[in-house]
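*Asks:* With the input below, show me the fold.
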Amino acid sequence: MSHFAPATDPKLYRCSCNRPECDAPPPSDLLLSTLEMLRFHVGQPMIVTSGPRCAFWNDHEKGEKDSEHLAGDGADVAASDGAARYRLLAACFLAGVGRIGVGKDFVHVGVARNRPTDVVWTYYA
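*Replies:* Numbering: from 1, shown residues only. The predicted structure is shown next:
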């Protein structure tokens, strides 16, 4: 878990596996700039709970086999309650985020250009 820092500091988006052999990609420039825009629109610091992942950690987290996290194009941002989710979703729409997943305590921000856009999904029933 990392506090969101300016897009110029991608070190904060390391894979959470903490293994020396981790081969997670760096966050894409588009993801970093999008997160920076979201932080501007939200108007307060954000916490990225999951950024780029290696395949090992993606399996551990039960992520999709072709997850945006595996390509550095996805991040989960903490949203602890309905008001936080609302602010983050509003910011996503203002920033033009086309791939959004809504979880109980996070919002997935996806920027992959090779995936369908203008989609929102949930992680819970």
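*Asks:* which stretches of this structure have low pLDDT?
*Replies:* 1-12, 125 (pLDDT under 70).
*Asks:* Okay, helices next: where are they in it?
*Replies:* 29-42, 55-60, 82-95 (DSSP state H).
*Asks:* Let me see the residues that make contact with the second one.
*Replies:* Contacts to helix 55-60, defined as CB atoms under 8 Å, 6 or more residues apart in numbering, come from residues 15-17, 19, 22-24, 64, 67, 69-70. No exception for glycine: its C-beta is placed from N, CA and C like everyone else's.
*Asks:* Now with 7 Å, please.
*Replies:* Outside helix 55-60, the residues that touch it by CB atoms under 7 Å, 6 or more residues apart in numbering are 15-17, 19, 67, 69-70.
*Asks:* list the buried ones in stretch 70-89?
*Replies:* 70-79, 84-85, 87-89 (16 or more other CB atoms under 10 Å).
*Asks:* related to what we said a few turns ago, just the buried members of the contacts of helix 55-60?
*Replies:* Of the contacts of helix 55-60, these count as buried by 16+ other CB under 10 Å: 15-17, 67, 69-70.
*Asks:* Compile these into JSON lines and extend it with columns for distance to residue 28.
*Replies:* As requested, the buried ones among the contacts of helix 55-60 are exported to JSON lines (distance: CB to CB, whole Å):
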{"residue": "15", "distance to residue 28": "14"}
{"residue": "16", "distance to residue 28": "18"}
{"residue": "17", "distance to residue 28": "19"}
{"residue": "67", "distance to residue 28": "14"}
{"residue": "69", "distance to residue 28": "11"}
{"residue": "70", "distance to residue 28": "12"}
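*Asks:* and of those residues, the nearest to residue 118?
*Replies:* Among these, residue 67 lies closest to residue 118 (CB to CB), at 19.2 Å.
*Asks:* ok, the closest residue to the closest one other than its chain neighbours - how many residues close by?
*Replies:* With sequence-adjacent residues excluded and distances taken as CB to CB, 6 or more residues apart in numbering, residue 67 is closest to residue 58, at 5.4 Å. Neighbour count of residue 58, defined by other CB atoms under 10 Å: 21.
*Asks:* No further queries at this time; thank you.
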